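Enquirer: Kindly return the folded structure for what I paste below:
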Amino acid sequence: MSQQPLQLMTDASRDDLAKSLLDGLNPPQQQAVEANEGPVLILAGAGSGKTRTITHKMAYLVGVLGLAPWEILAVTFTNKAATEMKQRTRALMGESRGKDLDWLGTFHSIGVRLLRRHADQLGIDRGFSIYDSDDQKKMVKQCLDEMNISTERFKPSDCADYINKAKQQCRDPGHRDLPRQGFNDQRQAEIYALYDQKMVKAGALDFADLIFRPVQLFRAAPLLASEFKQRWKYIIVDEFQDTNVAQFQMLKAALNDDKNICVVGDDDQSIYRWRGATVENILGFPKHFPNATVIKLEQNYRSSGNILAVASTLISANRQRHAKTLWTEADPGAKITLFGAQNEREEAEWTARRLNVLQHRYSRRELAVFYRTNSQSRSLEEALLRKGIPHRIFGGQRFYERAEVKDILGYLRVIHNLADEVNLRRIINAPARGIGAGTVKKVAAFATEHRVTLWEATRSLAMGGPKGVQKKLSPFVALIESLRDEAEVDASCVALTHRVVEAIDYREHLRKAYPQNAEQREENLGELLSAMTEHVAVTGDPTLGGFLDRTALVSDLDAGGDQSEVVTLMTVHMAKGLEFDAVLLTGLEEGLMPHVNSSDSSAGVEEERRLAYVAFTRPRHELFLSWARSRMRFGRVKGAQASRFVDELPADRIEEHGTPHLHRRPGAPGAGGRRVQVSGLDQQRTGRHLWRRGADQIAADPTPSYEDFSQEQAMGIGSAVFHPKFGHGRIVSFRGHGPKASVEVAFDGGATKRIQARFLSPA
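Expert: Predicted structure coming up:
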């Protein structure tokens, strides 16, 4: 549509623009676009045109109501969603006005932008580094070492979780509500306090800080908060059901007296409690804002009638939800298939056979297999390999977490921020230059004694330390200072990265250290440079700091977009926000879905039901469900039963095949099909069931532990094993135990690799 400059638009042209923005929207969507006075809650069901509604609303605010684009704060959860929203809004508003959507981004990117400008008001260097979860755990490990605390009793990952949860609740180390009752709580609080000090000293923030610190900033600087409250005349929040306490506090801190805020989300798709999200934010929104307008988007434009009927019946069993029912004008489509397998191998073979048929009806990239836990993927991948069905595991190791990428980024981060202790430790001997752990320990001791940063200690000892230490450290210090000088001369992150790779002779290092896959790792360096080039082209920002912020803010939720002709395998958590022509949801069993860890509370079971609902609402045309009456976990067969969620499905929409499932409650919603009576067994009291299939009887635990790995019992030195990617081999050595056990495997192709045991199966 053609756009006139805002100041030249007449009343008539505004009316025309309003009409064009509302045309094509259904009545609830139109109501959502026009509701712009006071707080608004838009309950947007799956596939109900949420993004279309939000983008038309932003265009309406600017084009019809006269707000400047920079007066809108629009927040979502992924860079991918933010980019799509920005592109679609620009198309509606016109490029000249759309380019000024300065405050449309993720919570974390908005937080970074605020802190880059004003972090010094909190005593934090505005040039701070952003630590990912791996960097954070390394910093925690340094705290534990400094405090002489055993990492066996206090694992760095557990301590990092404690710290993140505290920040998600907006609690600093001195907060009165920080748990301190028992010894463990007190110790964790002490670790948090030291961690906080070391992070400030290192000029570093973790991901939780990017939300928590802006809340602190607005509370500590009321004049600054007032400035932004006046700037942001309207706030729009996407995926509001996924917000945590700190994110909600951040929004409240930015909200002015007019309370013009619109939150959009679906409480039925709140599945990230384990990340700190609280569904209570969206459930309680009308209580926080008693005069809120509530609008429901219930017409689904994605799925067939049968899929929606099954999904709606399932989620209606949840008590803690806003009442709504999805509906569609689409045809009923195929019934949902439910397959009961004898074991996970039969389930995988059935899945592969189904995919073999489906790939002739749909593009492979429109087919997906879902599972609850990553450990389920092994048998599925083996079956697809046997059938020759091209596929990919979605959500594997992310690009920016690969060792060679992190090494180069480590150099860039130190060049950008010399106080960055974690990355300095990473690169000080990478590639190897004779600076071993002993030397680093001496440097760290010097830093602690003289109360300086690790870099300052390194530089001091390189200039005036013992001769042996000087000899090791001086070339490294000279290298970093030389690269920093070059960075000041040439601000291009692309040119600087080329120089870093060349200066440390990193490609030669890869050839020596990784002879079997050096070429692939070199390609990753090329991809890093491509990412930088793309970043510069898209943003117009060639600076190192700009690119480092971008890489730090890429999350696992931004994965996707691969248009390869392959079937996708992924966890249900990774599937949120995606859609496919056909979906196969596997492992619909007690202990898996609902997961054993969530089965002990009604809130946990309701979140698991929401997770199943997310899976059910991803396909457009066909949905297949499967469960297995037993699964082998490294040599131990565990009986299982169909999920309680199966009982809640409408029988007239289901076609059941294979092993029939046992209905536990005769009055269960949608209960139908064949039933098996089990006499003399109080299911609630004993917690066990008997499966009957002819004369065959298997005792089944309703909540088997699918995380109880006992690799050592099933495999030993010399055992033949199979890995989906590397093929057949034999175990050379074991290390560790339980779910983190790893083995060294000599594969038939000649390669020897160390792999987590849970990714192997007996051959």
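
Enquirer: if I've got this straight, residue 171 is in a helix?
Expert: No - if the criterion is DSSP: H, G, I helix; E, B strand; the rest coil, then residue 171 is coil and not within a helix.

Enquirer: what's the closest non-adjacent residue to it?
Expert: Nearest residue to residue 171, sequence neighbours excluded (Cβ to Cβ, 6 or more residues apart in numbering): residue 178, at 5.1 Å. Backbone N, C-alpha and C define where each C-beta goes, glycine included.

Enquirer: May I ask which helix or strand encompasses residue 111?
Expert: Assigned by DSSP states H and E, residue 111 belongs to helix 107-118.

Enquirer: An error on my part: the question was meant for residue 729.
Expert: Residue 729 belongs to strand 727-735 when assigned by DSSP H and E.

Enquirer: How confident was the prediction at the nearest residue to residue 204 once chain neighbours are set aside?
Expert: Closest residue in space to residue 204, ignoring its immediate chain neighbours: residue 129 at 4.5 Å, by Cβ to Cβ, 6+ apart. On pLDDT, residue 129 comes in at 94.

Enquirer: Quick check: the residue lying closest to residue 457 once chain neighbours are set aside vs residue 458, distance?
Expert: Nearest in space to residue 457, with sequence neighbours left out and distances taken as Cβ to Cβ, 6+ apart, is residue 447 at 3.7 Å. For residue 447, the distance to residue 458 equals 8 Å [Cβ to Cβ, to the nearest Å].

Enquirer: More neighbours: these two, which one.
Expert: residue 458 (28 against 20; other Cβ atoms under 10 Å).

Enquirer: Next up, phi/psi of the closest residue to the more buried one other than its chain neighbours, please.
Expert: Leaving aside its chain neighbours, residue 458 sits nearest to residue 443 (5.3 Å; criterion: Cβ to Cβ, 6+ apart). With angles defined as degrees, to the nearest 10, residue 443 shows backbone torsions of phi -60, psi -40.

Enquirer: Same question for residue 317.
Expert: Main-chain torsions, residue 317, degrees, to the nearest 10: phi -70, psi -20.

Enquirer: Just the pLDDT at the closest residue to it other than its chain neighbours, thanks.
Expert: Among residues not flanking residue 317 along the chain, residue 648 sits closest, at 5.1 Å (Cβ to Cβ, 6+ apart). Here the pLDDT value assigned to residue 648 is 94.

Enquirer: you'd agree residue 456 is up against residue 447?
Expert: Yes - counting by Cβ atoms under 8 Å, residue 456 does reach residue 447; the two are 7.0 Å apart.

Enquirer: List the residues that contact the residue nearest to residue 204.
Expert: Residue 129 makes contact with 202-205, 413, 416-417, 420, 423, 548, according to Cβ atoms under 8 Å, 6 or more residues apart in numbering.

Enquirer: so residue 321, which of the three states?
Expert: Under three-state DSSP, residue 321 comes out as coil.

Enquirer: And the helices in the stretch 51-200 of the chain?
Expert: With DSSP state H, counting those that start in this stretch as the definition, the stretch 51-200 of the chain shows helices at residue ranges 79-93, 95-98, 107-118, 133-146, 156-168, 183-201.

Enquirer: Check the contact between residue 62 and residue 70; I expect there is one.
Expert: No - Residue 62 is beyond contact range of residue 70, at 10.0 Å (criterion: Cβ under 8 Å).

Enquirer: quick one, which of those two is more surrounded?
Expert: Using other Cβ under 10 Å as the criterion, residue 62 and residue 70 rank with residue 62 on top: 26 against 14.

Enquirer: one step back: pairing partners for the strand holding residue 729, with directions?
Expert: strand 720-723 (antiparallel), strand 742-747 (antiparallel) (DSSP bridges).

Enquirer: send the alpha carbons of the strand or helix carrying residue 468 over as PDB?
Expert: Take DSSP H and E as the rule and residue 468 turns out to sit in helix 467-489. Extracted in PDB, the C-alpha atoms of helix 467-489 (Å, rounded to 0.1, in the frame of the first residue of the first chain):
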ATOM      1  CA  LYS A 467      61.800 -14.800  33.800                       C
ATOM      2  CA  GLY A 468      60.100 -18.100  33.000                       C
ATOM      3  CA  VAL A 469      56.600 -16.600  33.400                       C
ATOM      4  CA  GLN A 470      57.600 -13.500  31.400                       C
ATOM      5  CA  LYS A 471      58.900 -15.700  28.600                       C
ATOM      6  CA  LYS A 472      55.500 -17.500  28.400                       C
ATOM      7  CA  LEU A 473      53.200 -14.500  28.800                       C
ATOM      8  CA  SER A 474      55.000 -11.700  26.900                       C
ATOM      9  CA  PRO A 475      54.200 -13.000  23.400                       C
ATOM     10  CA  PHE A 476      50.600 -13.500  24.300                       C
ATOM     11  CA  VAL A 477      50.200 -10.000  25.800                       C
ATOM     12  CA  ALA A 478      52.000  -8.500  22.700                       C
ATOM     13  CA  LEU A 479      49.600 -10.400  20.500                       C
ATOM     14  CA  ILE A 480      46.400  -9.100  22.200                       C
ATOM     15  CA  GLU A 481      47.700  -5.500  22.400                       C
ATOM     16  CA  SER A 482      48.600  -5.600  18.700                       C
ATOM     17  CA  LEU A 483      45.100  -6.900  17.800                       C
ATOM     18  CA  ARG A 484      43.500  -4.200  19.900                       C
ATOM     19  CA  ASP A 485      45.500  -1.600  18.100                       C
ATOM     20  CA  GLU A 486      44.400  -3.000  14.800                       C
ATOM     21  CA  ALA A 487      40.800  -3.000  16.000                       C
ATOM     22  CA  GLU A 488      41.000   0.700  16.700                       C
ATOM     23  CA  VAL A 489      42.400   1.400  13.300                       C
END
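
Enquirer: what does it contact?
Expert: Applying Cβ under 8 Å, 6+ apart, the contact partners of helix 467-489 are 411, 414-416, 418, 428, 433-435, 439, 442-443, 458-459, 461-465, 496, 499-500, 503-504, 544.

Enquirer: Same question for stretch 218-238.
Expert: Here stretch 218-238 has contacts from 36, 50-51, 54, 57-58, 61, 67, 70-77, 81, 85, 103, 114, 118, 121-122, 217, 243, 250-251, 253-256, 258, 260-265, using Cβ under 8 Å, 6+ apart.

Enquirer: Report the buried members of these.
Expert: When those are checked for burial by 16 or more other Cβ atoms under 10 Å, the buried set is 36, 50-51, 54, 57-58, 61, 67, 71-77, 81, 85, 103, 114, 118, 217, 243, 250-251, 253-256, 260-265.

Enquirer: Burial check on residue 748, number of neighbours?
Expert: Neighbour tally, residue 748, other Cβ under 10 Å: 11.

Enquirer: With residue 205 instead?
Expert: Summarising burial for residue 205: neighbours were counted as other Cβ under 10 Å, giving 24.

Enquirer: Distance-wise, check it relative to residue 298.
Expert: From residue 205 over to residue 298 the distance is 41 Å, taken as Cβ to Cβ.

Enquirer: circling back: output the strand holding residue 729 as CSV, nothing but the C-alphas.
Expert: The C-alpha coordinates for strand 727-735 follow below in CSV (Å, rounded to 0.1, in the frame of the first residue of the first chain):
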residue,chain,number,x,y,z
GLY,A,727,27.9,-46.7,12.8
HIS,A,728,29.3,-49.8,14.5
GLY,A,729,32.2,-50.0,16.8
ARG,A,730,33.6,-51.4,20.1
ILE,A,731,34.0,-49.8,23.5
VAL,A,732,37.7,-49.0,24.4
SER,A,733,37.2,-47.3,27.8
PHE,A,734,34.5,-46.0,30.2
ARG,A,735,34.5,-42.7,32.1
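
Enquirer: Distance from the chain centre to the helix holding residue 111, please.
Expert: Centre-to-centre, helix 107-118 and its host chain are 20 Å apart (Cα atoms, centre = their mean, to the nearest Å).
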